[in-house]
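Student: Sequence plus the predicted model coming up.
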Amino acid sequence: SDDGGGDDSGPGADTRLRLERRRERIQKLQTYYAGTKTGTPAAYVAYELANQLGRSGNDLLWYAIIGVTSHHAQGRMDSDMYSGLHMALRDWVNANNTSNGGGVASANVASTLAIDDDGTRIRVPDEGRISVKNQEYRIMLYRHWSVYEAMYHSQYVSTQLSTWVEQGRQRLDTFLAKMGISKRECQQPFSFMSAQSKNKLRNKVADFKSEHGLEDLLYRSFTRTQGYAQETSAADTAHAMLAMIECGSSGVGAGSQKVHVPKHVAEGSAAASSNAAAHAAAGAAADKEYAAVSAERLGENFHRACQVLQANSGSERSFRVGVALAQQVQRAVIRQGVAVIQQRLLTNAGKFRYAYLSNMSDGDLNFFRRPTLLSKLAHWLIAALLSKNRKRMASNDLPLVLCVLDEERQVFICVGTPGPKETRNRFGEAFRKAADTIEVRYKHTGFTSSVIEVEKEHVQNFTDQLYLTLENMDRKRHGSKRARMR
């Protein structure tokens, strides 16, 4: 007899189960292709594997630290992710770098005491020793600048205090004055500052940082000892290496990409002239030559950057070159970021903000033709505008597309950067779809999908189509969500 109870078995239940699994699979695929995001740095993963195989060492550990620190400095990971990786790195550092036979590696230990056969205590250099630094400043290269210059050019401090305007510089002066550090002390090289001023900076910065909106001014990091007492910070090394990889000594950025030619252009038409074919062939040859030269220079830059990590006499010289390049790059970021804001070069397209950068002062176009450095400028602009216009949150949350002209090749290099509240970068798929829709020649096969090169005469059409492409992607995503809810 029927007792009124529901029966979850049978063909109907199997059908519902299959449909539910199909929805889950579709949802996973849509989430996977919804955009890109940065995961755990490869340097960290490589060390983790080496450690599991019993082949770890301080050199490999330092490489992992540099990789994680570089990602954090470039804004490729949030503070929570960095804190988690830092805890694991700290445990490895403490295991590999003990003091006097045991204990925790500390940044205060400059050398180890050893006892020879007759009982004499001698100092032994801690060459290569890695130490945990519980209080590092988010002040770029302050050891190699004056404190004032470093704060003015710092990605974090400059955007939080708006140091490019008079009111922001006054806030910076007030912050330093409250710590009891004179402006004269702050404007001389950090290495020449008195020990008293350095102690004030170290001891009082935590007391006044929140008062000036600099809550995240301090973070935990690492240093490495060279010789008896010279210490190199992970952040300084990461900045130096990035600048050398991108700039090198040749002044040409890296990145070779194949040219995508729309089908109708590649096949041609009966009306196509021999001149057009010759022009296309010449363009293809030029692209191939440029790709070969760029790849060669990338290799040279990479090897120069690796010299910073080598334990030899040339590493210090390479490090100084890298630091000088990093300072030049950061000055250019501040210069051009301020110019974009003051000249109101950004256009609000509804789905994103964008700017065409075809002229720059001081030859800074040579820097920002590199996508990585252009992305650095974009991150600075997003943070600066967010701090400057805190009440206009709708506009501040929009992602940013910067298009820089490469006059020699007659192309615009476009880099898409997600907004401050977005966890994924959707521009990779959107760039490709927009360029395919308007059927133009473009390059979009680099490691970073949110970078594309578009011919100069088509860049306006490209950005117009990009809005429609993002609108269509949002419409499809919202439609699929409603279908899953039903």
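Tutor: Arrived safely, thanks for sending.

Student: any low-confidence regions in the stretch 151-300 of the chain?
Tutor: Scanning the stretch 151-300 of the chain for pLDDT under 70 picks out 227-229, 249-287.

Student: 90 instead?
Tutor: Scanning the stretch 151-300 of the chain for pLDDT under 90 picks out the ranges 181-185, 191, 194, 197-204, 206-207, 210-213, 225-231, 247-300.

Student: what ranges do the strands span in it?
Tutor: With strands called from DSSP state E, counting those that start in this stretch, the stretch 151-300 of the chain shows them at 218-226, 230-233, 259-260.

Student: Export only the CA atoms of the longest one, formatted as PDB.
Tutor: The C-alpha atoms that make up strand 218-226 are tabulated as PDB, following Å, rounded to 0.1, in the frame of the first residue of the first chain:
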ATOM      1  CA  LEU A 218      54.900  47.500   8.000                       C
ATOM      2  CA  TYR A 219      55.100  43.900   6.900                       C
ATOM      3  CA  ARG A 220      57.200  40.800   7.600                       C
ATOM      4  CA  SER A 221      60.100  39.900   5.200                       C
ATOM      5  CA  PHE A 222      63.600  38.500   5.100                       C
ATOM      6  CA  THR A 223      67.200  39.600   4.700                       C
ATOM      7  CA  ARG A 224      70.400  37.800   3.700                       C
ATOM      8  CA  THR A 225      73.900  38.400   5.100                       C
ATOM      9  CA  GLN A 226      76.900  38.900   2.900                       C
END
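
Student: thinking again about what came up before, can you check which of the strands of the stretch 151-300 of the chain gets nearest to residue 404?
Tutor: strand 259-260 (18.6 Å; C-beta to C-beta). (Glycine included, C-beta is placed from N, CA and C.)

Student: Of the strands of the stretch 151-300 of the chain, which stretch is the most buried?
Tutor: Compared across these, strand 218-226 shows the largest average neighbour count, a mean of 21 (mean count of other C-beta atoms under 10 Å).

Student: that older thread, Throw the strands of the stretch 151-300 of the chain into JSON lines and include distance to residue 74, thanks.
Tutor: Formatted as JSON lines, those follow (distance: least, C-beta to C-beta, whole Å):
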{"stretch": "strand 218-226", "distance to residue 74": "14"}
{"stretch": "strand 230-233", "distance to residue 74": "16"}
{"stretch": "strand 259-260", "distance to residue 74": "27"}
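
Student: so which of these gets nearest residue 328?
Tutor: Minimum separation from residue 328 across the strands of the stretch 151-300 of the chain (C-beta to C-beta) falls at strand 230-233, 19.4 Å.

Student: follow-up on the earlier one: right, and the strands of the stretch 151-300 of the chain - which one's nearest residue 316?
Tutor: Residue 316 lies closest, by C-beta to C-beta, to one member of the strands of the stretch 151-300 of the chain: strand 218-226, at 7.6 Å.

Student: what pairs with the closest one, and is each one parallel or antiparallel?
Tutor: Strand 218-226 pairs in its sheet with strand 130-137 (antiparallel), strand 230-233 (antiparallel), by DSSP bridges.

Student: Reformat the ones you listed as a markdown table; add distance to residue 198.
Tutor: Converted to a markdown table, the strands paired with strand 218-226 look like this (distance: least, C-beta to C-beta, whole Å):
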| stretch | distance to residue 198 |
| --- | --- |
| strand 130-137 | 11 |
| strand 230-233 | 14 |
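
Student: Which one of those lies nearest to residue 210?
Tutor: Of all the strands paired with strand 218-226, strand 130-137 comes closest under C-beta to C-beta, at 14.8 Å.

Student: CA atoms only: put the closest one into CSV for me.
Tutor: What follows is strand 130-137, C-alpha atoms only, in CSV (Å, rounded to 0.1, in the frame of the first residue of the first chain):
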residue,chain,number,x,y,z
ILE,A,130,68.9,34.3,5.9
SER,A,131,67.2,36.1,8.7
VAL,A,132,63.5,36.8,9.4
LYS,A,133,62.7,40.5,9.5
ASN,A,134,59.6,41.1,11.5
GLN,A,135,59.4,44.8,10.7
GLU,A,136,60.0,45.8,7.1
TYR,A,137,58.8,49.1,5.6
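
Student: Okay, buried residues for it please.
Tutor: 130, 131, 132, 133, 136, 137 (16 or more other C-beta atoms under 10 Å).

Student: Over to stretch 59-75?
Tutor: 60-75.

Student: my guess is residue 350 is in a helix, correct?
Tutor: No. Assigned with DSSP: H, G, I helix; E, B strand; the rest coil, residue 350 falls outside any helix and is coil.

Student: now it: how far from residue 464?
Tutor: As judged by C-beta to C-beta, to the nearest Å, residue 350 and residue 464 stand 11 Å apart.

Student: where's residue 421, which helix or strand?
Tutor: For residue 421, there is no helix or strand it lies in under DSSP states H and E.

Student: Can you add distance to residue 325 and pLDDT and give the buried residues of strand 130-137 back as TSV?
Tutor: Shown next, in TSV, are those (distance: C-beta to C-beta, whole Å; pLDDT from 0 to 100):
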residue	distance to residue 325	pLDDT
130	25	93
131	26	93
132	28	94
133	24	93
136	21	93
137	21	93
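
Student: so can I have a markdown table of these showing distance to residue 208?
Tutor: Output for these, formatted as a markdown table (distance: C-beta to C-beta, whole Å):
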| residue | distance to residue 208 |
| --- | --- |
| 130 | 30 |
| 131 | 26 |
| 132 | 25 |
| 133 | 21 |
| 136 | 17 |
| 137 | 13 |
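
Student: List the contacts of residue 455.
Tutor: Residue 455 makes contact with 410, 411, 412, 440, 441, 442 under the criterion C-beta atoms under 8 Å, 6 or more residues apart in numbering.
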